[in-house]
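J.: Everything below, folded, please.
(2 chains)
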Amino acid sequence: GDSVTQMEGPVTLSEEAFLTINCTYTATGYPSLFWYVQYPGEGLQLLLKATKADDKGSNKGFEATYRKETTSFHLEKGSVQVSDSAVYFCALRLVGGTSYGKLTFGQGTILTVHP
Amino acid sequence: DTAVSQTPKYLVTQMGNDKSIKCEQNLGHDTMYWYKQDSKKFLKIMFSYNNKELIINETVPNRFSPKSPDKAHLNLHINSLELGDSAVYFCASSRGLAGLETQYFGPGTRLLVL
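T.: Down below sits the predicted model:
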(Lines give C-alpha, C1' and ligand atoms only; values in the text may rest on other atoms or scores of the structure.)
Protein backbone atom coordinates (compact mmCIF):
# COMPACT_ATOMS: atom_id res chain seq x y z
CA GLY A 1 0.00 0.00 0.00
CA ASP A 2 0.94 3.66 -0.08
CA SER A 3 2.89 5.04 2.84
CA VAL A 4 4.91 8.04 3.99
CA THR A 5 7.78 7.89 6.45
CA GLN A 6 9.13 10.97 8.21
CA MET A 7 12.16 11.35 10.38
CA GLU A 8 11.56 10.72 14.03
CA GLY A 9 11.02 13.74 16.19
CA PRO A 10 10.93 15.81 18.16
CA VAL A 11 13.41 18.17 16.57
CA THR A 12 14.76 21.00 18.71
CA LEU A 13 16.72 23.85 17.15
CA SER A 14 18.00 27.27 18.05
CA GLU A 15 16.71 30.29 16.16
CA GLU A 16 18.45 30.83 12.79
CA ALA A 17 19.56 27.20 12.58
CA PHE A 18 19.18 25.16 9.38
CA LEU A 19 16.25 22.76 9.27
CA THR A 20 15.87 19.48 7.43
CA ILE A 21 12.97 17.10 7.97
CA ASN A 22 13.31 13.94 5.94
CA CYS A 23 10.36 12.37 4.15
CA THR A 24 10.29 9.29 1.95
CA TYR A 25 7.35 7.58 0.35
CA THR A 26 6.15 4.42 -1.32
CA ALA A 27 3.30 4.64 -3.77
CA THR A 28 1.49 2.25 -6.06
CA GLY A 29 0.89 5.03 -8.57
CA TYR A 30 2.13 8.50 -9.37
CA PRO A 31 1.74 10.79 -6.36
CA SER A 32 1.51 14.47 -5.70
CA LEU A 33 3.47 15.38 -2.57
CA PHE A 34 2.60 17.85 0.16
CA TRP A 35 3.90 19.35 3.36
CA TYR A 36 1.28 20.45 5.87
CA VAL A 37 1.96 22.37 9.10
CA GLN A 38 -0.09 22.26 12.29
CA TYR A 39 0.50 25.09 14.76
CA PRO A 40 -0.40 24.44 18.41
CA GLY A 41 -4.14 24.10 18.88
CA GLU A 42 -4.93 24.66 15.22
CA GLY A 43 -5.85 22.68 12.13
CA LEU A 44 -3.58 21.76 9.25
CA GLN A 45 -2.41 24.32 6.74
CA LEU A 46 -0.86 23.52 3.40
CA LEU A 47 2.78 24.66 3.48
CA LEU A 48 3.90 23.62 0.01
CA LYS A 49 3.35 21.02 -2.67
CA ALA A 50 4.92 19.47 -5.76
CA THR A 51 3.06 17.56 -8.40
CA LYS A 52 5.76 15.99 -10.57
CA ALA A 53 9.35 14.82 -10.42
CA ASP A 54 11.99 17.54 -9.94
CA ASP A 55 9.35 20.14 -9.01
CA LYS A 56 10.35 22.36 -6.10
CA GLY A 57 7.64 23.58 -3.78
CA SER A 58 8.39 26.66 -1.69
CA ASN A 59 6.61 28.91 0.78
CA LYS A 60 7.58 31.11 3.76
CA GLY A 61 11.25 30.22 3.31
CA PHE A 62 10.58 26.46 3.31
CA GLU A 63 11.49 24.34 0.30
CA ALA A 64 11.11 20.73 -0.78
CA THR A 65 12.06 19.03 -4.04
CA TYR A 66 10.20 16.02 -5.46
CA ARG A 67 12.90 13.38 -6.03
CA LYS A 68 11.45 10.42 -7.87
CA GLU A 69 14.73 8.53 -8.01
CA THR A 70 15.04 8.50 -4.22
CA THR A 71 11.27 8.67 -3.55
CA SER A 72 11.87 11.60 -1.23
CA PHE A 73 10.46 15.04 -0.47
CA HIS A 74 12.65 16.48 2.28
CA LEU A 75 11.64 19.78 3.87
CA GLU A 76 14.33 22.44 4.37
CA LYS A 77 14.60 25.96 5.70
CA GLY A 78 17.77 27.94 5.90
CA SER A 79 17.03 29.90 9.07
CA VAL A 80 14.22 28.88 11.40
CA GLN A 81 12.32 31.20 13.70
CA VAL A 82 10.54 30.60 17.00
CA SER A 83 7.27 31.04 15.13
CA ASP A 84 8.08 27.95 13.03
CA SER A 85 7.52 25.74 16.07
CA ALA A 86 4.77 23.35 14.98
CA VAL A 87 4.10 19.81 13.81
CA TYR A 88 5.04 19.15 10.19
CA PHE A 89 3.34 16.44 8.11
CA CYS A 90 4.51 15.02 4.83
CA ALA A 91 1.71 13.56 2.72
CA LEU A 92 1.04 12.03 -0.66
CA ARG A 93 -2.01 11.89 -2.85
CA LEU A 94 -2.23 9.63 -5.87
CA VAL A 95 -3.15 11.05 -9.23
CA GLY A 96 -5.85 8.85 -10.73
CA GLY A 97 -6.46 5.23 -9.82
CA THR A 98 -8.85 4.17 -7.09
CA SER A 99 -7.41 6.20 -4.22
CA TYR A 100 -10.11 8.81 -4.83
CA GLY A 101 -7.95 11.66 -3.72
CA LYS A 102 -7.26 10.62 -0.16
CA LEU A 103 -4.18 12.02 1.55
CA THR A 104 -1.81 9.55 3.14
CA PHE A 105 0.17 11.20 5.93
CA GLY A 106 3.47 10.55 7.59
CA GLN A 107 3.54 10.36 11.36
CA GLY A 108 4.36 14.03 11.83
CA THR A 109 7.53 15.68 13.15
CA ILE A 110 7.35 18.04 16.10
CA LEU A 111 9.67 21.03 15.67
CA THR A 112 10.56 23.29 18.59
CA VAL A 113 12.67 26.39 17.98
CA HIS A 114 14.27 28.14 20.96
CA PRO A 115 15.32 31.83 20.97
CA ASP B 1 -14.56 34.26 6.29
CA THR B 2 -13.59 30.81 7.50
CA ALA B 3 -13.21 28.45 4.56
CA VAL B 4 -13.82 25.16 6.39
CA SER B 5 -15.54 25.37 9.75
CA GLN B 6 -16.36 22.74 12.32
CA THR B 7 -18.63 22.68 15.35
CA PRO B 8 -18.15 22.13 18.15
CA LYS B 9 -14.47 22.86 18.72
CA TYR B 10 -14.41 20.82 21.92
CA LEU B 11 -16.63 17.93 22.92
CA VAL B 12 -16.45 16.12 26.26
CA THR B 13 -18.89 13.27 26.77
CA GLN B 14 -19.47 9.98 28.54
CA MET B 15 -18.96 6.50 27.12
CA GLY B 16 -22.05 5.15 25.44
CA ASN B 17 -23.41 8.53 24.37
CA ASP B 18 -24.21 9.53 20.80
CA LYS B 19 -22.74 12.75 19.42
CA SER B 20 -22.47 14.66 16.14
CA ILE B 21 -19.82 16.92 14.66
CA LYS B 22 -20.75 19.34 11.90
CA CYS B 23 -18.60 20.60 9.05
CA GLU B 24 -19.29 23.32 6.51
CA GLN B 25 -17.17 24.68 3.67
CA ASN B 26 -17.81 27.89 1.75
CA LEU B 27 -15.24 27.25 -0.98
CA GLY B 28 -17.67 25.78 -3.49
CA HIS B 29 -15.80 22.46 -3.38
CA ASP B 30 -17.31 19.17 -4.51
CA THR B 31 -15.34 16.85 -2.23
CA MET B 32 -15.23 16.66 1.56
CA TYR B 33 -13.36 14.41 3.99
CA TRP B 34 -13.15 13.36 7.61
CA TYR B 35 -9.76 12.56 9.16
CA LYS B 36 -8.95 11.30 12.64
CA GLN B 37 -5.81 12.40 14.52
CA ASP B 38 -4.85 10.21 17.45
CA SER B 39 -2.95 11.14 20.59
CA LYS B 40 0.37 10.56 18.80
CA LYS B 41 -0.60 13.07 16.11
CA PHE B 42 -1.06 10.35 13.48
CA LEU B 43 -3.63 11.36 10.85
CA LYS B 44 -5.75 8.88 8.96
CA ILE B 45 -8.62 9.33 6.56
CA MET B 46 -12.02 8.03 7.62
CA PHE B 47 -14.45 9.04 4.88
CA SER B 48 -14.73 11.12 1.76
CA TYR B 49 -17.77 12.34 -0.14
CA ASN B 50 -17.93 13.69 -3.66
CA ASN B 51 -21.09 15.54 -4.68
CA LYS B 52 -22.87 14.05 -1.65
CA GLU B 53 -21.87 10.51 -2.63
CA LEU B 54 -19.74 8.35 -0.32
CA ILE B 55 -16.45 7.57 -2.03
CA ILE B 56 -14.09 6.36 0.68
CA ASN B 57 -14.90 4.42 3.84
CA GLU B 58 -11.61 3.33 5.41
CA THR B 59 -12.76 0.39 7.52
CA VAL B 60 -14.24 2.68 10.10
CA PRO B 61 -16.58 1.02 12.65
CA ASN B 62 -20.21 1.36 11.65
CA ARG B 63 -20.82 3.35 14.84
CA PHE B 64 -19.50 6.23 12.73
CA SER B 65 -21.98 7.47 10.14
CA PRO B 66 -21.23 10.41 7.89
CA LYS B 67 -24.04 12.38 6.31
CA SER B 68 -23.83 14.93 3.53
CA PRO B 69 -27.07 16.89 3.19
CA ASP B 70 -25.54 19.02 0.43
CA LYS B 71 -22.13 19.62 -1.13
CA ALA B 72 -21.21 22.26 1.42
CA HIS B 73 -21.82 20.11 4.50
CA LEU B 74 -20.46 16.83 5.81
CA ASN B 75 -21.51 15.82 9.30
CA LEU B 76 -20.21 12.96 11.40
CA HIS B 77 -22.46 11.11 13.79
CA ILE B 78 -20.95 8.72 16.32
CA ASN B 79 -23.07 6.18 18.21
CA SER B 80 -22.18 4.44 21.47
CA LEU B 81 -18.98 6.39 22.03
CA GLU B 82 -15.97 4.46 23.31
CA LEU B 83 -12.82 5.61 25.12
CA GLY B 84 -10.79 4.89 21.98
CA ASP B 85 -12.82 7.42 20.02
CA SER B 86 -11.05 10.21 21.90
CA ALA B 87 -9.12 12.09 19.23
CA VAL B 88 -9.13 15.23 17.13
CA TYR B 89 -11.40 14.98 14.11
CA PHE B 90 -10.61 17.13 11.10
CA CYS B 91 -12.88 17.95 8.22
CA ALA B 92 -11.34 18.92 4.88
CA SER B 93 -12.49 19.82 1.40
CA SER B 94 -11.08 20.01 -2.11
CA ARG B 95 -12.34 21.02 -5.54
CA GLY B 96 -12.43 17.44 -6.67
CA LEU B 97 -10.94 13.98 -6.30
CA ALA B 98 -7.91 14.55 -8.51
CA GLY B 99 -4.52 14.07 -6.91
CA LEU B 100 -3.41 17.57 -7.87
CA GLU B 101 -6.11 19.28 -5.83
CA THR B 102 -5.21 20.88 -2.53
CA GLN B 103 -7.21 19.85 0.54
CA TYR B 104 -8.20 22.60 2.95
CA PHE B 105 -8.64 21.62 6.58
CA GLY B 106 -10.95 22.84 9.29
CA PRO B 107 -9.70 23.74 12.79
CA GLY B 108 -10.56 20.33 14.24
CA THR B 109 -12.96 19.04 16.88
CA ARG B 110 -11.30 17.73 20.03
CA LEU B 111 -13.39 14.83 21.33
CA LEU B 112 -12.77 13.44 24.80
CA VAL B 113 -14.73 10.38 25.89
CA LEU B 114 -14.75 9.76 29.65
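J.: Wait, B:Y104 touches B:L27, no?
T.: Yes: B:Y104 lies in contact with B:L27 (Cβ atoms under 8 Å); the separation is 6.5 Å. All C-beta spots, glycine's among them, are computed from the backbone N, C-alpha and C.
J.: Between the two, tell me which one has more neighbours.
T.: B:Y104 (19 against 13; other Cβ atoms under 10 Å in any protein chain shown).
J.: now that one: how far from B:T7?
T.: 17 Å (Cβ to Cβ, to the nearest Å).
J.: tell me which parts of chain B are close to chain A?
T.: Within chain B, the positions near chain A by Cβ under 8 Å from any Cβ of the partner chain are B:4, B:31, B:33, B:35, B:40-45, B:48, B:50, B:55-56, B:58, B:90, B:92, B:94, B:96-108.
J.: Quick check: bridge partners of the residue lying closest to A:C90 once chain neighbours are set aside?
T.: Nearest residue to A:C90 in three dimensions, chain neighbours excluded: A:C23, at 3.5 Å (Cβ to Cβ, 6 or more residues apart in numbering or on different chains). Beta-bridge partners for A:C23, by DSSP bridges, are A:Q6.
J.: separation between A:C23 and A:V113?
T.: Distance, A:C23 to A:V113, by Cβ to Cβ: 19 Å.
J.: More neighbours: which of these two?
T.: A:C23 (24 against 19).
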